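> Quick one, structure for this:
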Amino acid sequence: MLITLSTVLWSTAGFFVRELNMDVWSTVAWRSLFGFMLLFPLSFILRGRALLRLRDSVGLGGLLSIPIMAVSVFGYVQALQLTSVANVMVVYATVPFLAAGLAFVVLGERPGLRSLCAAGVAIAGVVIMVGSATSMSDLAGNLFAFVMTLGFAASMVIARRWTGYDAMLVTALSSGFGAIVCFGAAFVTLPSVPMPTMTQLALLFVFSLATQSVSYLFFLEGSRHVPSSEAGLITLLDVVLGPLWVWLVFGEKPATPALIGGALVLLSVVGYLVAAPRARSA
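Reported below is the predicted structural model:
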C-alpha cells in the first residue's frame, strides 16, 4: 500500500511542471530547496545521533551520488518542459536495463539471457518513440530524459556498491547542492530572476513534498515489507499514471509512437520483473 501511494505521488511530477510554467532553473532551485528543508532535519529526527558522524553517514558512495542525483533531477524537470510526459516516461521505464548495463561495467555483474532479451525489446520501444520526434524540442527532451534515467540508474549501482551511506541524508544533501547550483545558474543566465508568486511557492512546496519527501519515506518503509520484484512492478504505475494526469487536466494526449513504444517498454520490464524471481527460484 505504501509503495503504491509513493508511486502515485511520484507520478504527479508532470502535472506540477505544467501547472507551474516556470523556467527550469527556478523550478529545480525552489523544489530542491524545499526538499532539503524537509529531508535534512527529518533525517536527523529519524536517525538520531547516528548521523552525527557525517563521514560514515555519507562516505564515498554518498559523495558520488550527491551530484549525480542533482543532475538527474534537473534532467527530469527539463525533459518534462521540453517534451510530452509520455515520452519522458517511456525513456524512464528503461532504468532497470541501464542499471544492469552499468552494473556489468562497474561491478562485473553479468546480465542473464532474460535481461538481454527484455532490454532489446525495451530499446526497440524507445527507438520507435524517439524516431518519431519531429521537433528539436522533442529531441532535446528525450535527451534530457535519458540523462535523468542514466542518473537514476547510476545512483542504484552506487547504492549497491557502497551500502553504508544513509540514503535520506544523501538525498537531502543532493537537494541542497542542486538548489545552490540552480539558484546560481538562474542569476547568471536569466536577465532577471522573478520571485515566484505565493501560489507558485505553494505549488513548489507541495511538488517537493509529494515527489521528493513523503513519497520517498513511503517507498522506504513499504519496500521493507514486499519483495523487490513486486516493488518494481508497482513502481511501473508511475509510467502509466504520469501521462494520465496531464491528459486529464491539460488534455496532453500521448502520440501513437509514444503509446507503441511505451507498450513495448512496459511489456519488457514486466516480463523481466516477473521472470527474475522464477529464475532465481529454479
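
> Nearest to the middle of this structure, which residue? Look it up for me.
By CA atoms, centre = their mean, the chain has its centre lying nearest to residue 152, at 6.0 Å.

> Give me the number of neighbouring residues for the residue nearest to residue 40 when sequence neighbours are not counted.
Closest residue to residue 40 apart from its sequence neighbours, by CB to CB, 6 or more residues apart in numbering: residue 172 at 4.0 Å. To be clear about C-beta, it is placed using only N, CA and C from the backbone, and glycine gets the same treatment. Number of residues near residue 172 (other CB atoms under 10 Å) recorded here: 26.

> Look up how far residue 86 lies from residue 172.
31 Å (CB to CB, to the nearest Å).

> Per-residue pLDDT of residue 16, please?
As summarised for this prediction, residue 16 has a pLDDT of 94.

> if we can go back for a sec, from what I can see the residue nearest to the centre of the chain touches residue 96, true?
No: assessed by CB atoms under 8 Å, residue 152 is found out of contact with residue 96, at 10.1 Å.

> Could I get the full set of helices for the stretch 101-250 of the chain?
Applying DSSP state H, counting those that start in this stretch to the stretch 101-250 of the chain gives helices spanning 113-131, 136-161, 167-189, 198-208, 214-222, 228-235, 237-250.

> do you know which of those lies nearest residue 261?
Taking CB to CB, helix 113-131 is the member of the helices of the stretch 101-250 of the chain nearest to residue 261, at 3.3 Å.

> Flag the helix or strand of this structure with the lowest per-element mean pLDDT.
Sorting the helices and strands of the chain by mean pLDDT, DSSP states H and E puts helix 228-235 at the bottom, at a mean of 60.

> Near residue 199, how many other residues are there?
Residue 199 has 10 nearby residues by other CB under 10 Å.

> Pull out the buried residues from stretch 206-219.
Within stretch 206-219, the residues scored as buried using 16 or more other CB atoms under 10 Å are 207-219.
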